[in-house]
Structures are given as C-alpha cells and as structure tokens.
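Asks: no FASTA, just this:
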C-alpha cells in the first residue's frame with residue numbers, strides 16, 4: 001500500500017550542548033517527545049531513528065534532525081530501523097496493545113513510505129530488523145504459529161517470505177525476543193544472529209545463509225519472564241558480545257556480559273558492565289570499543305570488555321556508532337557523543 005507524504009511533527013524540540021563525562025569530548029542532546037528504540041548510523045553524518053507513536057527521524061549532518069510521524073502508524077511503536085543511505089530506509093512497527101505489526105520502506109528520505117508487509121493477528125509482534133545490503137534483510141518477530149516469526153527478503157522488501165516455523169530449532173517454553181533496543185538482532189554479510197530470553201536460559205540463534213536456516217546455542221545466563229539477553233554486537237564473523245539481565249532488577253550486580261570467539265556457537269561469561277544492571281542495547285564502536293545502554297546510563301569499554309566506564313548517565317535504550325561518534329537514543333532524547 002502506498003503511504004501519503006509524511007507531515008511535520010508538531011512537538012517541542014530543543015538542543016543542548018554540555019561538557020562531557022569521562023571519555024566523551026562533547027555531548028549534544030536533542031529533546032523530543034517520543035521514546036526511541038531504533039537508531040542506525042549509515043556513516044558519521046547520515047542517521048535514522050524510530051520510536052513511539054509512529055515517530056521517525058533522520059539526519060544528514062549528524063547533528064540536526066528532521067522529525068515526522070509516519071502516516072497511519074501513529075498507534076505503532078517503530079521499534080527498529082535500518083538504512084542504506086539518506087534516501088532508503090526500512091522500519092518495523094508494532095502495536096504494543098497487540099494485534100498488528102508492519103514493515104515500512106522509503107526510497108526518498110522519508111517523504112513517501114510504502115507498507116511492504118503486515119500481519120493482523122492476536123500475537124503479531126515485530127522486534128527488529130537487520131540488513132546486509134539494500135536487497136537482503138531479516139526481520140524478527142515474537143512467536144507466531146508455534147515458533148519465531150522470521151521474515152527474509154532478497155529484493156529490498158518487494159516480497160517478504162516467512163521462514164517455515166517447522167524448519168526452525170525447537171523454541172523453549174516462553175522464549176521470545178525483547179524489543180528494547182533493536183540490537184537483539186544483527187548481521188554481517190550472510191551471517192545473522194539474534195538473542196532471546198523468557199525461557200529457562202538465554203539463547204543465541206545464528207544463521208549463515210541470510211536467515212534461511214538456523215542453529216541455536218544456550219548461554220550461561222539464566223532467563224525468565226523479564227530476563228535474558230537484550231543485545232548482541234559482533235566485531236567480525238567470530239568475535240562478539242551479548243548483554244542482558246533482568247529488567248525488573250535494573251541495579252543487579254550479576255554478570256550481564258557474555259563473549260563468543262567462534263561465531264556464536266559457544267558463550268562464556270565476560271563480567272559486568274558499568275553501570276551495573278540490565279543492558280538494553282549493545283553495539284560495536286570500532287576496534288576494541290563496545291557501548292552498552294540502559295535506562296540507568298550508558299557504559300563503554302575500550303579494551304574488549306575487560307573494563308567499563310560511564311559514557312553518559314541519562315536514560316538510553318539504544319545506540320549506534322560511526323568513526324569516533326556515537327548516538328544514544330532513549331525516552332524523549334537523542335544524544336550525540338564524541339569519544340576518544
């Protein structure tokens with residue numbers, strides 16, 4: 001379905017520049033009346049972000065933002081976004097009241113949107129999207145008809161195909177993904193990973209053929225209704241981290257970081273982040289740097305997870321990084337942080 005042109009969002013917008021904490025050289029904060037859970041940097045100038053009430057935002061200079069409401073989606077939480085450039089982007093939206101989920105696409109920088117896929121069902125729920133290029137994408141949804149809803153495309157979303165539920169590994173009882181940051185799913189080339197919770201243990205699902213077939217590995221993290229892994233970040237095909245915890249225990253000092261060196265086949269405990277507690281988002285920031293987000297603050301490691309320091313102390317759901325800059329997004333704000 002063709003979606004009409006977006007209309008300007010008539011909500012308050014403010015910009016603040018402050019002295020930076022710890023590793024940050026400069027912190028710019030854009031204040032906006034929406035909660036953001038999706039953000040993607042194409043490079044250090046072109047970015048897209050998505051959030052509650054159908055809010056979509058983009059930047060072409062890395063600092064100033066254009067905010068819109070995606071028409072017909074003002075009842076949806078746009079939980080994740082992936083962009084090819086300043087013109088092409090995909091966003092996944094879910095009605096948190098239940099019953100509806102959809103994928104939207106723009107070719108012209110957000111002026112016109114096309115609805116590429118939708119599902120009307122009691123358990124319709126999309127969690128995130130990742131793409132290896134402008135043709136190959138994988139969208140992840142909560143269980144539907146017995147197993148995870150995994151959608152793949154090889155034509156830029158002109159057609160989306162569901163991976164047959166019966167072909168997937170068996171799902172644990174109550175296992176699901178957390179739509180907290182958009183970082184619960186990631187990809188590198190043909191390889192795709194996503195993390196889960198809800199079951200008796202947190203697990204990592206992985207594919208080597210752009211989502212067509214899947215394997216799954218258990219991690220040391222005990223999970224449950226409010227606990228599991230929330231984010232995964234891969235430095236290369238073999239090495240990466242996953243982070244999580246229990247969102248009902250935001251200040252828990254338990255281990256919340258886990259490492260893989262074999263592409264996700266096995267996972268070992270890698271310690272605790274700073275701040276402690278559940279981590280909602282996790283991204284690779286180049287080299288040995290990783291950034292982990294949560295409502296209690298964002299931490300950074302510059303030495304491959306051995307030690308962590310506070311990067312920024314505000315409420316943050318998700319992050320994205322390019323070169324020596326990271327953007328943090330959360331409730332009512334997007335923060336630009338320059339890091340050494």
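Replies: The structure has been received and is ready for your questions. Quantities reported herein were computed from a predicted structural model and do not represent experimental measurements.
Asks: What sits closest to residue 326 if chain neighbours are left out?
Replies: Distances taken as Cβ to Cβ, 6 or more residues apart in numbering place residue 337 nearest to residue 326, at 5.0 Å, with adjacent residues excluded. For the C-beta atoms, the positions are set from N, CA and C on the backbone; glycine is no exception.
Asks: On the three-state scheme, the one you found is what?
Replies: At residue 337 the chain is in strand, as set by DSSP: H, G, I helix; E, B strand; the rest coil.
Asks: is it in a bridge, and if so with what?
Replies: With DSSP bridges as the criterion, residue 337 is bridged to residue 27, residue 326.
Asks: I figured it hits residue 311, correct?
Replies: Yes: the pair residue 337 / residue 311 is scored as a contact, 6.4 Å apart, by Cβ atoms under 8 Å.
Asks: between the two, which one's more packed in?
Replies: Between residue 337 and residue 311, counted using other Cβ atoms under 10 Å, residue 311 has the larger neighbour count: 29 against 25.
Asks: just checking, what packs against the helix or strand hosting the more buried one?
Replies: Assigned by DSSP states H and E, residue 311 belongs to strand 309-312. On a contact count with 3 or more Cβ pairs under 8 Å, 6 or more residues apart in numbering; DSSP states H and E, strand 309-312 meets strand 24-41, strand 298-301, strand 325-339.
Asks: low-confidence ranges in this structure?
Replies: 1-26 (pLDDT under 70).
Asks: And the helices in it, which stretches?
Replies: Here the chain has no helices by DSSP state H.
Asks: Which residue comes closest to the residue nearest the centre of it once chain neighbours are left out?
Replies: The residue lying closest to the centre of the chain (Cα atoms, centre = their mean) is residue 182, at 1.4 Å. Counting by Cβ to Cβ, 6+ apart, residue 182 lies nearest to residue 80, which is 3.5 Å off, once chain neighbours are set aside.
Asks: Burial check on that neighbour, number of neighbours?
Replies: Neighbours of residue 80 (other Cβ under 10 Å): 29.
Asks: For it, list the residues it contacts.
Replies: Neighbour list for residue 80: 37, 38, 50, 91, 92, 126, 127, 128, 129, 179, 182, 185 [criterion: Cβ atoms under 8 Å, 6 or more residues apart in numbering].
Asks: ranges for the strands of the stretch 151-300 of the chain?
Replies: Ranges of strands within the stretch 151-300 of the chain are 161-162, 185-188, 191-195, 201-207, 215-222, 227-234, 240-246, 257-260, 268-271, 281-284, 290-293, 298-301, based on DSSP state E, counting those that start in this stretch.
Asks: can you give me how far stretch 46-60 is from the chain middle?
Replies: Put simply, stretch 46-60 sits 13 Å off its chain's centre (Cα atoms, centre = their mean, to the nearest Å).
Asks: same thing with stretch 213-227?
Replies: Taking Cα atoms, centre = their mean, one finds the center of stretch 213-227 at 17 Å from the center of the full chain.
Asks: same deal with stretch 33-47?
Replies: Centroid separation for stretch 33-47 versus its chain: 10 Å, with Cα atoms, centre = their mean.
Asks: same question, stretch 278-295
Replies: 11 Å.
Asks: Wait, residue 198 touches residue 229, no?
Replies: No: between residue 198 and residue 229 there is no contact under Cβ under 8 Å: 10.3 Å.
Asks: Between the two, which has more neighbouring residues?
Replies: Shown here are residue 198 and residue 229; by other Cβ under 10 Å, residue 229 has more neighbours (28 against 22).
Asks: List the contacts of the more buried one.
Replies: 178, 184, 195-197, 202-204, 219, 221, 223, 242-244, 258.
Asks: Just list whatever residues bridge to it.
Replies: residue 244.
Asks: Mind listing the residues bridging to the closest residue in space to residue 187 that isn't next to it in sequence?
Replies: Leaving aside its sequence neighbours, residue 187 sits nearest to residue 130 (Cβ to Cβ, 6+ apart; 4.3 Å). Residue 130 has these beta-bridge partners by DSSP bridges: residue 138.
Asks: Sounds good, over and out.
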